[in-house]
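*Asks:* 3D, please:
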Amino acid sequence: MGAVSETIVREYFELHGFFVRQQRKFVAPNRREDEEVDFLVFNPQPEAGRPPAPFVLTSADLRVITRAVVVVKGWHTETFSPAVLANAPEIFRFVESASFRQTARAFGPDGPLLKLLVVPALPQHAAARDQSVELLRGKGIDGVIPFRTMLSDLIDRIEINRNYQKSDLLQVIRILKNYDFFKEPQLELFKSARKRRAKPEANGEADARY
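*Replies:* Predicted structure coming up:
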């Protein structure tokens, strides 16, 4: 699952014009896996003069980010509630690790280096969500991106008439999208719906497909 989650994150940032470098494809024997930074991302054309990005990032917020270290927590059956965060200190271990300090030095001293966490989900209830955000901030995290945001954006941007043969993930999304396995957003809030199929005639004539 880890490799799949990291592939999603890589494709997402690359689709938004970031240069993405994976720190390493192995876990050093003298280091814990949860101390490792997964990706270094660099935006060669950040938009200047815009307000700082919020803590919970959307795809539109990426344009103001110049560079960041990204850690992926692909616990897809978990919500990052205050209780989960309080009982999982390994989530934050990378912030103070030797791996992070080495990564920061590799990026150089110019400009801020954000610490971003990719999470499965935050609580839906406002009070619990605010508590989770405060816990994450207090541990030195600069922002989080939910997997739902990434997947929704990837699905929306993939075009069925393009061949994404250099990316297995994007090609699978394209195929599933071509066969209508992705439903339109509820209430059509995010984009206009596809043309609806014609309804049966008023006289009760059945759809010819059936």
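
*Asks:* Quick check: which ranges of the protein have low pLDDT?
*Replies:* 1-2, 23-35, 97-99, 108-110, 184-210 (pLDDT under 70).

*Asks:* could you pull out the strands for it?
*Replies:* For the chain, the strands defined by DSSP state E occupy 19-22, 39-42, 67-72, 114-119, 143-146.

*Asks:* Just send the ones you listed back as a markdown table, with distance to Glu6 and mean neighbour count too.
*Replies:* C-beta: built from backbone N, CA, C; applies to glycine. Listed next are these as a markdown table, based on distance: least, C-beta to C-beta, whole Å; neighbours: other C-beta atoms under 10 Å:
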| stretch | distance to Glu6 | mean neighbour count |
| --- | --- | --- |
| strand 19-22 | 8 | 13 |
| strand 39-42 | 8 | 20 |
| strand 67-72 | 5 | 22 |
| strand 114-119 | 9 | 22 |
| strand 143-146 | 13 | 20 |
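
*Asks:* Just put those strands in TSV and tack on distance to Leu176.
*Replies:* Below are the strands of the chain laid out as TSV (distance: least, C-beta to C-beta, whole Å):
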stretch	distance to Leu176
strand 19-22	24
strand 39-42	25
strand 67-72	22
strand 114-119	22
strand 143-146	20
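
*Asks:* So for Thr58, which of these sits nearest?
*Replies:* Among those, the nearest to Thr58 by C-beta to C-beta is strand 143-146 (8.3 Å).

*Asks:* Run through who's touching that closest one.
*Replies:* 53-57, 68, 80, 114-122, 133, 136 (C-beta atoms under 8 Å, 6 or more residues apart in numbering).

*Asks:* With adjacent residues omitted, what lies nearest to Val118?
*Replies:* Leaving aside its sequence neighbours, Val118 sits nearest to Val72 (C-beta to C-beta, 6 or more residues apart in numbering; 4.6 Å).

*Asks:* got the contact list for the one you found?
*Replies:* Val72 touches Gly2, Ser5, Glu6, Val9, Asp38, Phe39, Val118, counting by C-beta under 8 Å, 6+ apart.

*Asks:* roughly how far apart are the spatially closest residue to Pro82 that is not a sequence neighbour and Gln124?
*Replies:* The shortest distance from Pro82 to any residue other than its chain neighbours is 4.3 Å, reached at Gln131 (C-beta to C-beta, 6+ apart). Per C-beta to C-beta, to the nearest Å, Gln131 is found 13 Å from Gln124.
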